[in-house]
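# A structural model of the following input is requested.
(2 chains)
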There are 2 protein chains.
Amino acid sequence: MKESRPIGIFDSGVGGLTVVAQVRRQLPKENIVYFGDTARVPYGTKSRETITRFSVENVEFLMRHNVKIVIVACNTASSLALDFLKRCFKVPVVGVIRPGARRAAGATKNNRVGIIGTRATIGSGAYQKELKSANPKITVFGESCPLFVPLVEEGWLDSKVTGEIAFGYLKGLKAKDIDTLILGCTHYPLLKPAIEGIMGKTVTLVDSAEEVAIEADRILDAHGIANRSNKKPFHKFFVSDDPKHFMEVGERFLKQKIRCVKPSE
Amino acid sequence: MKESRPIGIFDSGVGGLTVVAQVRRQLPKENIVYFGDTARVPYGTKSRETITRFSVENVEFLMRHNVKIVIVACNTASSLALDFLKRCFKVPVVGVIRPGARRAAGATKNNRVGIIGTRATIGSGAYQKELKSANPKITVFGESCPLFVPLVEEGWLDSKVTGEIAFGYLKGLKAKDIDTLILGCTHYPLLKPAIEGIMGKTVTLVDSAEEVAIEADRILDAHGIANRSNKKPFHKFFVSDDPKHFMEVGERFLKQKIRCVKPSE
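From the prediction side, this is the model:
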């Protein structure tokens, strides 16, 4: 029964559902337990100590649901707390940074890669380090975009104001002649049209969600714990704040109905 | 020594320092202990249950510092948790809603009052109720402005984008011919120039911070616990996240140097 244990996924809120969508698509037999820390969202404006403390508590919650692997869907938590989490827990812990960086390193032709994310993610240098380790010839340009998360949470995905704010954040990166841009926050894929409109079609946008599902697949396979059962898998969602708002906003991210969300306490 | 106990003030983050500034100005002899819940900020997008739980924990922290009165500087917590806090604790607990509503009721000439705040504050109906109880003839128009808090936190106080977002939120209120507008969030006074630019000079902007200091003064006087000592008062600041960011942003709100901020744990 070891194989039927669920995959645990956590995020600071609702954004990690883009990772859930990819895991469901690529590992359709796996059970999933998702935890969104909606009472304490956002993480991207907070300190390493606080983000690490919250992340440990989130994984402890997932462990109580007997997960066999943990995916840290949140880019901020992956940037700042991943090494600590790996030391604290016995199950494999996978973050979104390395998979995203590797994909970007494979995609770039001119070795000029941009990375956008929260202030904490960009400030940590985690993506920069992984890109350099994948290919030391890559020059990395980082830019934090702190207003993108509240804009997405408000559903202002294609308003004129969103375009103006995006232009303010991205014009510097555009001038650097990058050919690849990592969307280093789970909220940002929802702003793809606005970002593409500014960066142009020649810049490849990299979304870590897809790649992290492939990485999780590899790890389950290597440990021999991929689920082989043909029973219909379960997908359980827990949040630390009110489930109602999560269900409403969540469907934008998951592109599917969310049937049941439970409070974590 | 009962009188020298400090005044306790809490907020979801840094915005409550506008209340500290008023308390310092109007009650210069009083000692102050401030707690900003910067690890869990913002409150305005969260549920009543979560906001109440956080507020109780915040007051418990202040009580450990032996405060003689608690001022809830946060409009969201005042709107949703005040009655519960009053039942839980023995010291007087004062929120910003009633003082702000009374001032607005005194200021309006045409009995048409607008109120802007977070989604939680506007949704609670707390200001609407207090305005009606102050003067049943008043018609109240509420509008939530969820992007104002992140804009202020980013320091985008007078950018073009801020003006456009403010116009989007306020144009409906402007059309209602209000003559008084309550700034129902401690962050909003920093956007006064942008808001005035849209509403015009004939609309009175009401900031609850000033009025709540007067209310606290009255309560201390009624209980006979105003501080009469001529010793230089202390002002202590505690936060649940990293003190550094709080000190930087805090000086914008307090309009004064903050010397020492300590972590709450």
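# low-confidence regions, chain A specifically.
Applying pLDDT under 70 to chain A picks out residues A:1.
# near chain B, which residues of it show up?
A:38-40, A:45-47, A:49-50, A:54, A:146-147, A:149-151, A:153-154, A:156, A:160-161, A:164-165, A:168, A:240-242, A:245 (CB under 8 Å from any CB of the partner chain). In this view, the C-beta of every residue, glycine as well, is placed from N, C-alpha and C.
# I'd like to know which of those are buried.
Listed as buried from the residues of chain A next to chain B are A:38-40, A:45-47, A:50, A:54, A:146-147, A:149-151, A:153-154, A:156, A:161, A:165, A:168, A:240-242, A:245; burial here means 16 or more other CB atoms under 10 Å in any protein chain shown.
# tell me the SS of residue A:140?
Three-state assignment for residue A:140 (DSSP: H, G, I helix; E, B strand; the rest coil): strand.
# what sits closest to the residue nearest the centre of chain A if chain neighbours are left out?
The centroid of chain A falls nearest to residue A:73 when counting by CA atoms, centre = their mean (3.7 Å). Nearest in space to residue A:73, with sequence neighbours left out and distances taken as CB to CB, 6 or more residues apart in numbering or on different chains, is residue A:16 at 3.1 Å.
# that neighbour against residue A:32, yeah?
No. Between residue A:16 and residue A:32 there is no contact under CB atoms under 8 Å: 10.9 Å.
# ok, these two, which is more surrounded?
Per other CB atoms under 10 Å in any protein chain shown, whichever of residue A:16 and residue A:32 has more neighbours is residue A:16, with 28 against 20.
# so who does that one touch?
With contact taken as CB atoms under 8 Å, 6 or more residues apart in numbering or on different chains, residue A:16 is in contact with A:9, A:10, A:34, A:36, A:73, A:74, A:186.
# what about the first one, which SS state?
Reduced to three states with three-state DSSP, the structure at residue A:9 is strand.
# buried residues in stretch A:119-126, which are they?
For stretch A:119-126, by 16+ other CB under 10 Å, it's A:119, A:120, A:121, A:122, A:123, A:124, A:126.
# can you give me the domain boundaries for chain A?
A:2-96+A:210-263, A:98-208 (automatic domain parsing).
# so which of those gets nearest residue B:114?
Proximity to residue B:114 (CB to CB) singles out domain A:98-208 among those, at 20.6 Å.
# for that closest one, how far is the first residue from the last?
Using CA to CA, to the nearest Å, the end-to-end distance of domain A:98-208 comes to 9 Å.
# picking that back up, shared neighbours, residue A:16 and residue A:32?
residue A:9.
# show me where the stretch 1-150 of chain A has helices.
Residue ranges of the helices in the stretch 1-150 of chain A, as given by DSSP state H, counting those that start in this stretch, are A:17-26, A:48-63, A:75-88, A:97-107, A:119-124, A:126-134, A:148-153.
# distance to residue B:107 added to those, as JSON lines?
Converted to JSON lines, the helices of the stretch 1-150 of chain A look like this (distance: least, CB to CB, whole Å):
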{"stretch": "helix A:17-26", "distance to residue B:107": "46"}
{"stretch": "helix A:48-63", "distance to residue B:107": "41"}
{"stretch": "helix A:75-88", "distance to residue B:107": "43"}
{"stretch": "helix A:97-107", "distance to residue B:107": "53"}
{"stretch": "helix A:119-124", "distance to residue B:107": "39"}
{"stretch": "helix A:126-134", "distance to residue B:107": "51"}
{"stretch": "helix A:148-153", "distance to residue B:107": "31"}
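# need the contact list for the nearest residue to residue A:6 once chain neighbours are set aside.
Residue nearest to residue A:6 in three dimensions, not counting chain neighbours: residue A:31, with 3.8 Å by CB to CB, 6+ apart. Residues near residue A:31 by CB under 8 Å, 6+ apart: A:4, A:5, A:6, A:7, A:227, A:233, A:234, A:235.
# among these, the buried ones, what's the ChimeraX command?
In ChimeraX, a selection of the buried entries from the contacts of residue A:31 looks like this (16+ other CB under 10 Å):
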select /A:4,5,6,7,227,233,235
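# among the contacts of residue A:31, which one sits closest to chain B?
Chain B has its nearest neighbour among the contacts of residue A:31 in residue A:235, at 23.0 Å by CB to the nearest CB.
# contact partners for that closest one?
A:20, A:24, A:31, A:32, A:34.
# what does residue A:233 give?
A:28, A:29, A:30, A:31, A:32, A:227.
# give me the subset of the contacts of residue A:31 that lies in strands.
Of the positions in the contacts of residue A:31, A:7, A:235 sit in strands, assigned by DSSP state E.
# the domains of chain A: which one's closest to residue B:110?
Comparing these by CB to CB, domain A:98-208 comes nearest, at 31.6 Å.
# strands along the stretch 101-250 of chain A, start to end?
Taking DSSP state E, counting those that start in this stretch to define them, one finds strands in the stretch 101-250 of chain A at A:112-117, A:139-144, A:180-183, A:204-207, A:235-239.
# contacts for the fourth one, please.
So that's strand A:204-207. A:18, A:100, A:103-104, A:107-108, A:179-183, A:188-189, A:192, A:195-196, A:199.
# list the buried residues in that strand.
Buried residues in strand A:204-207 (16+ other CB under 10 Å): A:204, A:205, A:206, A:207.
# so how far is chain B from the second one?
Which is residue A:205. 23 Å (CB to the nearest CB, to the nearest Å).
# and the third one, by the same measure?
Here the criterion is CB to the nearest CB. By it, residue A:206 lies 25 Å from chain B.
# show me the contacts for residue A:156.
A:162, B:147.
# returning to that earlier point: closest to chain B among the contacts of residue A:235?
Nearest member of the contacts of residue A:235 to chain B, counting by CB to the nearest CB, is residue A:34, at 18.5 Å.
# bridging residues for that closest one?
On the basis of DSSP bridges, residue A:34 is bridged to residue A:9, residue A:237.
# list the buried ones in stretch A:90-110?
For stretch A:90-110, by 16+ other CB under 10 Å, it's A:91-105, A:107-108.
# residue A:220 touches residue A:26, doesn't it?
No. Between residue A:220 and residue A:26 there is no contact under CB under 8 Å: 11.1 Å.
# the two: who's more crowded?
Neighbour comparison, residue A:220 and residue A:26: the larger count goes to residue A:220, with 19 against 14 (by other CB under 10 Å).
# between the helix or strand harbouring residue A:251 and strand A:235-239, how many degrees?
Counting by DSSP states H and E, the element that carries residue A:251 is helix A:243-254. For helix A:243-254 against strand A:235-239, the angle by axes from the mean of the first three to the mean of the last three CA atoms, to 10 degrees is 130 degrees.
# and helix A:243-254, what does it pack onto?
helix A:17-26, strand A:235-239, strand A:261-263 (3 or more CB pairs under 8 Å, 6 or more residues apart in numbering or on different chains; DSSP states H and E).
# measure the residue nearest to residue A:73 to chain B for me?
17 Å.
# for that residue, grab phi and psi.
phi -60, psi -10 (degrees, to the nearest 10).
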